[in-house]
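Engineer: just need the structure, nothing else, for what follows:
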Amino acid sequence: MEVNGTSVLVGKSCEDPSRSVSWDGVHFTEAANKFVVDQIFDGKLSDPPVPLRLACRRGGGR
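Structural biologist: As a prediction, the model looks like this:
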């Protein structure tokens, strides 16, 4: 598309944002946010890798 003699790129959003992962440098899509949260919940981003549901338990029989 041209506007006043200048080429302009025009994009449109995807039909189902829950199925697309992209990042504009600042904002994740819904699918990308879910991927990151799933990694945190599964413990894949912790060292040692412990699922969040287990990491929040108290030890020592309390």
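Engineer: what about the nearest residue in space to residue 2 that is not next to it in sequence, neighbour count?
Structural biologist: Once flanking residues are discounted, residue 2 sits nearest to residue 8: 6.8 Å by C-beta to C-beta, 6 or more residues apart in numbering. From N, CA and C alone the C-beta is placed, and that goes for glycine too. Residues lying near residue 8 (other C-beta atoms under 10 Å) number 8.
Engineer: phi, psi for residue 8 please.
Structural biologist: phi -130, psi 130 (degrees, to the nearest 10).
Engineer: okay, it: pLDDT?
Structural biologist: At residue 8, the model reports a pLDDT of 83.
Engineer: could you do residue 62 as well?
Structural biologist: 45.
Engineer: relative to residue 40, how far out is the residue nearest to residue 2?
Structural biologist: For residue 8, the distance to residue 40 (C-beta to C-beta, to the nearest Å) stands at 39 Å.
Engineer: quick one: the strands in this structure?
Structural biologist: Per DSSP state E, the chain carries strands over the ranges 2-3, 6-7.
Engineer: how about those in TSV, adding mean neighbour count and distance to residue 14?
Structural biologist: Converted to TSV, those look like this (neighbours: other C-beta atoms under 10 Å; distance: least, C-beta to C-beta, whole Å):
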stretch	mean neighbour count	distance to residue 14
strand 2-3	8	24
strand 6-7	7	23
